[in-house]
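Trainee: fold the following and give me the result.
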Amino acid sequence: MNKNFFILSFLIISFLITIFRCFILKKRKYKLNNALNANYFLETINQLIEENKYNLLEERLRLKVIDAYGNEDLKKWIGNPPLDEILIAKSLKSGSKRFKEGIPYFWEKVILKKFSGQESFFEKWNSYRNINPIINDEIIGCNRILEFEDWFIFIASQIEKSCLKTIGNNSLKKRNQNYKKGIIFENHCMEILKQKGWKVKETPNTGDQGVDLIASIDNLRICIQCKNHKKAIGNNAVQEVSAGKLYWNGTHAVLVSKSGFSKSAQKLARANKVKLISDSELKDLEKLLI
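Mentor: As a prediction, this is how the structure comes out:
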């Protein structure tokens, strides 16, 4: 009797251990699958956005509306798609206008296509939610649970971040290009002056007070600003170099431009005794000033 009871108990315990192990393995498998799906979801979204960032930015600019006060209206760009799975399926099947442009169009034509359909997309979205259940909601100003309906806010946020970053990078690149272009022109002007016997000193990159070069010969100390722009130079540069002459104790102020000067700049220059010349005239600078 005791032997049978012992065997039965052993079998029951073994069975329970086996069930427990299966449960643990199943749970681990579920967590691993969730993690893989969540990782795939995020990486795929970001990859698609990165691959299409310039097209997205172009479309954002096309759909953006700016009012008379400079305020941006992004309603057409962001769109207003249905958030429920059933309504989404109906809208896509009927060719709803809510997926015809902006971010909703990109989601349907690019993202959904990559995920091989709506079911796969939302399966992986739910995995992402399970791994990342809490979000910092900047609109309401606190942390909250990530809901199923947040899928579109998530996609739109990722796209907007990319667009704003691209705008910032393009602006920085343009500024760097302009800076390099300006340095090359300054060096060009400096070499012309040195060949004519001028002693030339560059002002610091910051705090130059509107003066790029200070050229000296005999009793002359010339404060020079160099402009390599596509358009004619306006009043601001004249005012800057005029004030810079006082700051650097110059005898003369000279503004050098490859693109000429506006009529108002020429008038202001005469009133402030600022000499306006092209880079080709630098070789005769001493004659032009005396």
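
Trainee: other SSEs contacting the one helix or strand F23 maps to?
Mentor: F23 belongs to helix 2-51 when assigned by DSSP states H and E. Applying 3 or more CB pairs under 8 Å, 6 or more residues apart in numbering; DSSP states H and E, we find helix 2-51 packed against helix 118-131, helix 151-195. The C-beta positions use only the backbone N, C-alpha and C, and glycine is treated the same way.

Trainee: show me what the next helix or strand after it is packed up against.
Mentor: Following helix 2-51 in sequence order, the next helix or strand is helix 53-63 (DSSP H and E). Secondary-structure packing of helix 53-63 (3+ CB pairs under 8 Å, 6+ apart): helix 75-78, helix 102-106, helix 151-195.

Trainee: report the angle between helix 53-63 and helix 2-51.
Mentor: Angle, helix 53-63 to helix 2-51, by axes from the mean of the first three to the mean of the last three CA atoms, to 10 degrees: 60 degrees.

Trainee: so what touches helix 53-63?
Mentor: I49, L74, K76, W77, E101, G102, F106, I159, S162, C163, T166, I167 (CB atoms under 8 Å, 6 or more residues apart in numbering).

Trainee: mean confidence score for that helix?
Mentor: Across helix 53-63, pLDDT averages out at 86.

Trainee: and for stretch 134-141?
Mentor: Averaging pLDDT along stretch 134-141 gives 64.

Trainee: give me the pLDDT for the closest residue to H188 other than its chain neighbours.
Mentor: Excluding its sequence neighbours, the residue lying closest to H188 (CB to CB, 6 or more residues apart in numbering) is D279, at 6.5 Å. What the model reports for D279 is a pLDDT of 91.

Trainee: phi, psi of D279?
Mentor: phi -70, psi -30 (degrees, to the nearest 10).

Trainee: that one contacts C189, correct?
Mentor: Yes. The criterion here is CB atoms under 8 Å, and D279 meets it with C189 at 5.8 Å.

Trainee: quick one: which of these two has more around it?
Mentor: Legend: neighbour count by other CB atoms under 10 Å for D279 and C189, higher for C189 (23 against 16).

Trainee: in the protein, which helix or strand is least confident?
Mentor: Across the helices and strands of the chain, mean confidence by mean pLDDT, DSSP states H and E is lowest for strand 134-137: a mean of 72.

Trainee: now do the helix or strand that comes right after that one: which elements does it pack against?
Mentor: Next helix or strand after strand 134-137 toward the C-terminus (DSSP H and E): strand 142-145. Where contact means 3+ CB pairs under 8 Å, 6+ apart, strand 142-145 is packed against strand 134-137.
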